[in-house]
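Enquirer: After the sequence you'll find the predicted model.
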Amino acid sequence: MSAVLETKIGTVIEVDIHGMTSAEAKRALERLLSRAGKEITEIRVIHGYHNGQTLRDMVRFSLKHPRISAKLVSLNPGETRILLK
């Protein structure tokens, strides 16, 4: 399993899931969503664009969690923004 690369910038966590399987990435993102403090308002997921459609689709369509308020398509096609409650 690949390690998740996380960077916290203020109230935003940026996470890079390149190189992970869809199942690994989903579990890692669910754990991150569960442990993110109340001060975290957004998780920016870098899933890649070339060969990243499986990860992109998992993040945009399959990933569910009570903290998720909205998912936004970024101007960067290799990134999805998850807004938190």
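Expert: Yes, it's here.

Enquirer: contacts, neighbours, all on C-alpha from now
Expert: Noted.

Enquirer: Residue 50 falls within a helix, correct?
Expert: No: counting by DSSP: H, G, I helix; E, B strand; the rest coil, one finds residue 50 to be coil, located in no helix.

Enquirer: what's near enough to touch it?
Expert: If you count contacts by C-alpha atoms under 8 Å, 6 or more residues apart in numbering, residue 50 has them with residue 78.

Enquirer: Make residue 1 into 399 and carry on from there
Expert: Sure, I'll start numbering at 399, so the last one becomes residue 448.

Enquirer: Tell me the predicted confidence for it.
Expert: Looking at residue 448, its pLDDT reads 76.

Enquirer: Next, work out how far apart it and residue 417 are.
Expert: Between residue 448 and residue 417 the distance, using C-alpha to C-alpha, to the nearest Å, works out to 12 Å.

Enquirer: can you check residue 440 too?
Expert: 22 Å.

Enquirer: Neighbour count: these two, which is higher?
Expert: Taking other C-alpha atoms under 10 Å, residue 440 and residue 417 do not tie; residue 440 has more neighbours (22 against 16).

Enquirer: Roughly how far does the more buried one sit from residue 448?
Expert: Residue 440 is 24 Å from residue 448, by C-alpha to C-alpha.

Enquirer: Equivalent analysis for residue 474, please.
Expert: The value you get for residue 474 to residue 448, if C-alpha to C-alpha is used, is 12 Å.

Enquirer: do the same with residue 421
Expert: 19 Å.

Enquirer: contacting residues around the longest helix anywhere in the chain?
Expert: Identified as the longest helix of the chain according to DSSP state H is helix 420-433. Helix 420-433 has contacts (C-alpha under 8 Å, 6+ apart) with 399, 402, 415, 452-453, 456-457, 461-463, 465.
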